[in-house]
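1. this is a predicted model, with the sequence first.
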Amino acid sequence: MSDIDNKFEQAKGHAKEAVGDLTYDEELEREGRRDRMAGEAKEKVERAKDKVEEGIDTVKDKLGSRDR
């Protein structure tokens, strides 16, 4: 899932939470909170994945420079 998709999911969750709050619909508010939190969690996982990939690339670069 892309960063844009995660941000969209978060925005959709915020909107559902707001509508649920305004209409006193607790289920919609909970659903919005779940959507928002899911988007945030996915975004954090993507960031962690990127950091791991950067670390792997750094190690590969260092090991590759040894062979020269």
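-> Thanks, I have the structure now.
2. model confidence for R66, exactly?
-> On the pLDDT scale, R66 is placed at 69.
3. same check, this time on A41
-> In this model, A41 carries a pLDDT of 96.
4. now the helix or strand harbouring it, how far from the centre of its chain.
-> Applying DSSP states H and E as the criterion places A41 in helix 26-66. For helix 26-66, the separation from the chain centroid amounts to 6 Å (computed by C-alpha atoms, centre = their mean, to the nearest Å).
5. any idea how far K49 is from G13?
-> 22 Å (C-beta to C-beta, to the nearest Å). The way it works is simple: take the backbone N, C-alpha and C, and place the C-beta from them, glycine included.
6. pLDDT weak spots in the protein?
-> Along the chain, segments meeting pLDDT under 70 span 1, 66-68.
7. so which residue is smack in the middle of it?
-> E43 (1.4 Å; C-alpha atoms, centre = their mean).
8. leaving out chain neighbours, which residue sits closest to that residue?
-> N6 (4.3 Å; C-beta to C-beta, 6 or more residues apart in numbering).
9. again, but for H14
-> In space, H14 is closest to R36, 5.8 Å off (C-beta to C-beta, 6+ apart).
10. what is the burial count for the one you found?
-> Burial of R36, expressed as a neighbour count using other C-beta atoms under 10 Å, amounts to 19.
11. so how far is D25 from it?
-> With C-beta to C-beta as the criterion, R36 and D25 are 16 Å apart.
12. ok, now D5?
-> Distance of D5 to D25, given as C-beta to C-beta: 25 Å.
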